[in-house]
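>>> Structure of the sequence below:
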Amino acid sequence: MNTSTRKKEIGLVISKKRNELGLTQQEVADATGFSRNYISDMENGRYAPSLDALSKLAVVLNIDLNFLRTMTEIQA
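Next up, the predicted model:
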């Protein structure tokens, strides 16, 4: 799986979970300290979030932290 595909998969997970929780991109941005544009870019696969970003998103979106272990392969 290439980096572009992984970025898109991460973005889909973030977007899906955000929508399940009924949160806007701005609400997630406010809770994480990221800009709304950065949230959008991650959701659309334009940026690969850092481990720190994934950790903050996992807390805000209540994503299992084991998810991070598989997603951090993108940082390699």
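>>> C-alpha only now, for contacts and for neighbours.
OK.
>>> Tell me how many other residues surround Ser15.
21 (other CA atoms under 10 Å).
>>> Would you confirm that it contacts Leu57?
No: assessed by CA atoms under 8 Å, Ser15 is found out of contact with Leu57, at 10.8 Å.
>>> From the chain's centroid, how far away is stretch 14-34?
9 Å (CA atoms, centre = their mean, to the nearest Å).
>>> Buried ones in it, by neighbour count?
Going by neighbour count (16 or more other CA atoms under 10 Å), the buried part of stretch 14-34 is 14-15, 17-18, 25, 28-29, 32, 34.
>>> For this protein, which segments count as helices?
Remark: helices assigned in the chain by DSSP state H are 3-20, 25-32, 36-43, 51-61, 66-71.
>>> The ones you listed into JSON lines, with extra columns for mean pLDDT?
Output for these, formatted as JSON lines (pLDDT from 0 to 100):
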{"stretch": "helix 3-20", "mean pLDDT": "90"}
{"stretch": "helix 25-32", "mean pLDDT": "98"}
{"stretch": "helix 36-43", "mean pLDDT": "97"}
{"stretch": "helix 51-61", "mean pLDDT": "92"}
{"stretch": "helix 66-71", "mean pLDDT": "66"}
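>>> give the contact list for the closest residue to Val13 other than its chain neighbours.
Of all residues not flanking Val13 in the chain, Glu43 sits nearest, at 8.0 Å (CA to CA, 6 or more residues apart in numbering). Contacts for Glu43 (CA atoms under 8 Å, 6 or more residues apart in numbering) come out as 8, 10-15.
>>> can you do 10 Å?
7-16, 18, 25, 37, 49 (CA atoms under 10 Å, 6 or more residues apart in numbering).
>>> ok, so what distance separates it from Arg18?
10 Å (CA to CA, to the nearest Å).
>>> Which pair of the buried residues of stretch 14-34 spans the longest distance?
Within the buried residues of stretch 14-34, Lys17 and Phe34 form the most distant pair, 16.9 Å apart (CA to CA).
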